[in-house]
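Undergrad: my questions are about this predicted structure, shown below with the sequence.
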2 protein chains.
Amino acid sequence: MFDRINTYMINHANLTAEELSYFNSILQFKTFPKKTILLHEGEICNFEAFINKGCIRMYYIDENGFEVTLQFAIEDWWVSDIASFHDQKPSNMFIETLEECELLILSPQSKESLLSHVPQLERMFRILVQRNLSSLQGRLFKTIATSAQDKYLDFIKRYPTIPQRVPQHYIASYLGISAEFLSKVRTKLAKK
Amino acid sequence: MFDRINTYMINHANLTAEELSYFNSILQFKTFPKKTILLHEGEICNFEAFINKGCIRMYYIDENGFEVTLQFAIEDWWVSDIASFHDQKPSNMFIETLEECELLILSPQSKESLLSHVPQLERMFRILVQRNLSSLQGRLFKTIATSAQDKYLDFIKRYPTIPQRVPQHYIASYLGISAEFLSKVRTKLAKK
DNA sequence: GGCCGGCATTGAACTAGGACAAGAAAATCA
DNA sequence: TGATTTTCTTGTCCTAGTTCAATGCCGGCC
């Protein structure tokens, strides 16, 4: 149950055996069926979840029902709306399972106590957020500067396993193009 | 010289008088003329700079010379390519002054020693990055989901002082639209 | 096995925004 | 002050991507 996350922790921080077992003790293990909405717009996000198994999507919806996928997340990723989690304010995104999921969950209180017991994890979480920020910066650039085709090619290169796991129209909504146009891009690519 | 940053620090962390003066002691004060490139693509970013005075732009350029402005920053902002700064790896962005600037600078070493002397600042920097991440998430959404006009209106609402300080075509490159089209959007808005 | 709902494809008509070009206006500087 | 460079505007034509609608497809479920 903790294999995956412990391997992860060993690679991302160096904790003593006691620290690691304390960490494990405060995690809550939960499973969720496919298509469960873990966070609704307007709710406060009270989890920071490590994906032990499964696939999750974070997305926004505007007034007209237009969806933008912010992120897909699979095994070994942390998922949360950090702004909402951290400031305990209503989120403006949705988080939804795309497959049956096994999650290891930190609540705001357990994270708080984790950080006070193991202060060096402050650093790991900071780095996690930094990485996230930096890759989002790069993505914004590509979203603005490149064609639909290049975005798609870049996507399958960066996330080669995702297309097998999630419906294609969600990928379109990640790339910021319509599902129909993604289909056209793909058939054009296939002809080469 | 330290007024502005000390006010900032008092609002964002609570340090003792000694900690604050230690903090001041490791900052390096520097001024730069307008249009100085502080960081070139390919270089390692070795500063995290607090803007005491002036205005700065961070941007990407693609192979065809197409520019995307990632961020404008003015007084009270921190500016850096954190990924490059933190991992000491080449940056893929540019950072440039748009006005004459007064900066208070942390080097990687001084930040390191700052964090080991005043570990609670780890938290302040993490929160800074989190805020940044969260606002970038919102921006990506708007970039994809809204029209040029709405993006522009949103921009002047969020950053009302920026349009007076920076050339309009840079704003266009922030919004992800052409300078010409921004001009058309503006004349259309002016007619109402 | 048949039906149903989500998903992908394709085509035709349309549009937001881009590219280019040429001036006008404003800022910079000697 | 005038000269030069940078910025902004306006018009025309063009295209990448959208919207809408129709069709087919696959997988799940009774």
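TA: That came in fine, so what should we check first? Numbering: from 1, shown residues only, chains lettered A, B, ... in the order given.
Undergrad: which residue does chain A bring closest to DNA strand D?
TA: residue A:181 (3.1 Å; CB to the nearest atom of the strand). For every residue, glycine as well, the C-beta is placed using N, CA and C.
Undergrad: helix, strand, or coil at that residue?
TA: helix (DSSP: H, G, I helix; E, B strand; the rest coil).
Undergrad: how about it: what's its closest non-neighbour residue?
TA: Spatially, and ignoring its direct neighbours in sequence, residue A:181 is nearest to residue A:148 (6.1 Å; CB to CB, 6 or more residues apart in numbering or on different chains).
Undergrad: the one you found and residue A:179, how far apart?
TA: With distances taken as CB to CB, to the nearest Å, residue A:148 is found 12 Å from residue A:179.
Undergrad: looking at those two, which is more packed in?
TA: Neighbour totals were compared for residue A:148 and residue A:179, and residue A:148 leads with 16 against 13 (other CB atoms under 10 Å in any protein chain shown).
Undergrad: the more buried one reaches residue A:183, doesn't it?
TA: No: if you go by CB atoms under 8 Å, residue A:148 and residue A:183 don't touch, sitting 11.0 Å apart.
Undergrad: right, and residue A:162 touches residue A:74 too?
TA: Yes: with contact defined as CB under 8 Å, residue A:162 and residue A:74 form a contacting pair (7.3 Å).
Undergrad: residues from chain A in reach of chain B?
TA: With CB under 8 Å from any CB of the partner chain as the criterion, chain A meets chain B at residues A:60, A:62, A:66, A:68, A:70, A:82-83, A:86, A:92-93, A:119, A:122-123, A:125-127, A:129-134, A:136-141, A:143-146, A:176.
Undergrad: now do the buried residues in the helix or strand where residue A:135 lies.
TA: Using DSSP states H and E, residue A:135 maps to helix A:121-145. For helix A:121-145, a neighbour-count test (16 or more other CB atoms under 10 Å in any protein chain shown) marks A:121-122, A:125-130, A:132-134, A:136-145 as buried.
Undergrad: please report the distance of residue A:43 from residue B:55.
TA: Distance from residue A:43 to residue B:55, by CB to CB: 38 Å.
Undergrad: how about residue A:170?
TA: Residue A:170 is 39 Å from residue B:55, by CB to CB.
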